[in-house]
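Undergrad: My questions are about this predicted structure, shown below with the sequence.
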Amino acid sequence: MYRLLYTLLLWIPLMLHAQGEHRIMTCNIRVALPQDTATGNGWNTRRDVCFQVMKAHRADIYCLQEVIYTQYKDLCRAFPDYFVFGYEGPEMDALPDTTYHGIAKNVILFDRQRYRLIATGTYWLSEHPLQGGELSWGTARARHVNWLRLEDKATGRQFRVCSLHLDHVSQQAREQQINVFLEEAAQYSEKIPQIVCGDFNARPDNPIVAQKMKHAGWTDVHHALHGYYEAYSAHRFLGRDYHPKKTPAQIDYIFTHGQALKTTGAAFLKDDVAGKYPSDHFFLMATLRMD
C-alpha cells in the first residue's frame with residue numbers, strides 16, 4: 001500500500017489537471033489464464049488490485065490489452081461511469097465459449113461525462129484488415145487495433161485514440177503489423193491529433209520504435225519528456241525485483257501524433273498492493289495537453 005500512496009503523491013499535481021489536459025493510461029492487464037492461479041497471480045486474485053491501481057490514478061481514458069470475456073465483464077461492472085468499447089466482434093462470437101482461445105482484445109474505456117463519442121472502429125493487423133481473427137506473416141496470435149474518435153465536451157476539440165498489441169514472437173509480423181497501423185493512421189488530417197497506446201513487444205532499439213514510428217512522425221511521450229527509456233515494463237509478476245538480461249527493455253508505449261498534443265507528465269506506475277502487482281506489466285500514464 002505504501003508504494004501505491006507514494007506514486008499517488010508524485011501524481012497529485014498532474015491529477016488536478018487544467019481544461020484541455022487529458023490523462024491517458026495504457027494497461028496490459030495480462031489475459032486471465034488458469035496456469036497463473038497456481039502461482040498466486042490468477043485474475044481472481046489480482047482483479048481488485050488491478051482496478052484499485054487503475055482507479056487511484058483517475059485516468060480519463062484507459063487503453064487495455066489482453067482482455068478476454070470475464071475481464072471485459074469485470075471492467076464494465078467496475079467502471080460504470082466509463083464507456084467500454086472493443087470486445088465484441090464476429091471473431092469472438094465464433095468462439096465455442098468465453099475462455100481464452102488465442103484472441104484477447106484491446107479494450108478502451110473513456111469517461112462518459114468528459115467526452116462525446118464521434119466514431120469507433122476495429123481492424124486487424126493482417127493482410128486482410130477487415131477479416132476478424134486472421135493470422136498473417138507468421139504471427140503467433142491474431143492482432144488488431146481498436147480506435148475511438150472523441151470530442152472533449154468542454155473544448156469541442158476532437159482527437160483519436162488507438163489501442164494495439166503487436167505479436168510477441170515474430171519480428172517480421174510486428175513490422176508488417178505496424179505498417180498496417182501507420183498506413184491507416186496516415187489517412188487522417190494533421191488537424192486531428194492521434195494517440196496510440198499499447199504493448200509493442202519491441203524494445204526502444206527495435207526498428208519499429210527507433211525508425212518506423214519516429215519517421216512517421218509519432219512521438220514517444222515518456223522518452224520525449226524524460227530523455228530516457230524505462231529499464232523494463234514487463235516484469236513476470238516480479239515487479240521491482242525483476243532484472244532483465246538486457247536494458248532498456250521497455251515494450252509498452254504511448255505515442256502521439258500532431259503538433260497540438262503536448263506531454264506534461266509521463267510515468268510508469270510501479271504500484272503494488274501488499275506485494276501483489278496488478279499485472280505482469282507496469283502500467284504507463286501520461287498527461288497530455290491539447291492546444
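TA: Looks like it came in fine. Numbering: from 1, shown residues only.
Undergrad: now the closest residue to residue 21 other than its chain neighbours: how far from residue 273?
TA: Distance criterion Cβ to Cβ, 6 or more residues apart in numbering; nearest residue to residue 21, sequence neighbours excluded, is residue 289 at 5.0 Å. Placement of C-beta: from N, CA and C, glycine included. Noted for residue 289: a distance of 31 Å to residue 273, by Cβ to Cβ, to the nearest Å.
Undergrad: Strands of this structure, start to end?
TA: Residue ranges of the strands in the chain, as given by DSSP state E, are 21-28, 61-65, 82-85, 108-111, 115-124, 144-152, 158-165, 194-199, 219-220, 252-257, 261-269, 283-290.
Undergrad: Any chance of TSV for those strands, columns mean neighbour count?
TA: Formatted as TSV, the strands of the chain follow (neighbours: other Cβ atoms under 10 Å):
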stretch	mean neighbour count
strand 21-28	24
strand 61-65	28
strand 82-85	19
strand 108-111	23
strand 115-124	16
strand 144-152	22
strand 158-165	23
strand 194-199	25
strand 219-220	20
strand 252-257	25
strand 261-269	19
strand 283-290	24
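Undergrad: quick one on the thing from earlier: please give me every residue in contact with the residue nearest to residue 21.
TA: 18, 20-22, 261-264 (Cβ atoms under 8 Å, 6 or more residues apart in numbering).
Undergrad: ok, so of the residues you listed, who is nearest residue 85?
TA: residue 22 (16.7 Å; Cβ to Cβ).
Undergrad: beta partners for that closest one?
TA: residue 288 (DSSP bridges).
Undergrad: Tell me the spacing between it and residue 60.
TA: Residue 22 is 5 Å from residue 60, by Cβ to Cβ.
Undergrad: Equivalent analysis for residue 260, please.
TA: Remark: distance between residue 260 and residue 60 (Cβ to Cβ) = 16 Å.
Undergrad: Tell me which of those two has more neighbours.
TA: Remark: of residue 260 and residue 60, residue 60 carries more neighbours, 21 against 17, as counted by other Cβ atoms under 10 Å.
Undergrad: so who does that one touch?
TA: 22-24, 110-111, 114-115.
Undergrad: Please apply the same query to residue 86.
TA: Contact analysis of residue 86 by Cβ under 8 Å, 6+ apart lists 67, 105-108, 122, 146, 163.
Undergrad: Now do the phi/psi pair for it.
TA: In terms of degrees, to the nearest 10, the main-chain angles of residue 86 are phi 120, psi 10.
Undergrad: Compute the number of surrounding residues for residue 69.
TA: Residue 69 has 18 nearby residues by other Cβ under 10 Å.
Undergrad: Could you check the pLDDT of it?
TA: pLDDT, residue 69: 96.
Undergrad: how close does the residue nearest to it when sequence neighbours are not counted sit to residue 35?
TA: Among residues not flanking residue 69 along the chain, residue 98 sits closest, at 3.6 Å (Cβ to Cβ, 6+ apart). Distance of residue 98 to residue 35, computed by Cβ to Cβ: 18 Å.
Undergrad: more crowded one of those two?
TA: Ranked by neighbour count (other Cβ under 10 Å), residue 98 and residue 35 place residue 98 first, with 12 against 8.
Undergrad: Pretty sure that one sits against residue 67.
TA: No - at 11.8 Å, residue 98 does not count as touching residue 67 under the criterion of Cβ atoms under 8 Å.
Undergrad: pLDDT below threshold where in the stretch 151-291 of the chain?
TA: Across the stretch 151-291 of the chain, nothing is flagged by pLDDT under 70.
Undergrad: Helices along that one, start to end?
TA: 171-185, 207, 214-215, 221-226 (DSSP state H, counting those that start in this stretch).
Undergrad: Compare those and report which one is nearest to residue 243.
TA: Using Cβ to Cβ, the helices of the stretch 151-291 of the chain put helix 221-226 closest to residue 243, at 20.5 Å.
Undergrad: Go ahead and produce CSV holding the CA coordinates of that closest one.
TA: C-alpha atoms of helix 221-226 as CSV (Å, rounded to 0.1, in the frame of the first residue of the first chain):
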residue,chain,number,x,y,z
VAL,A,221,5.7,10.6,-24.7
HIS,A,222,7.9,9.1,-21.9
HIS,A,223,11.1,9.4,-23.9
ALA,A,224,10.3,12.9,-25.1
LEU,A,225,9.6,14.2,-21.5
HIS,A,226,12.4,12.4,-19.6
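Undergrad: how about that helix: buried residues?
TA: The neighbour-count criterion (16 or more other Cβ atoms under 10 Å) identifies 221-223, 225 as the buried residues of helix 221-226.
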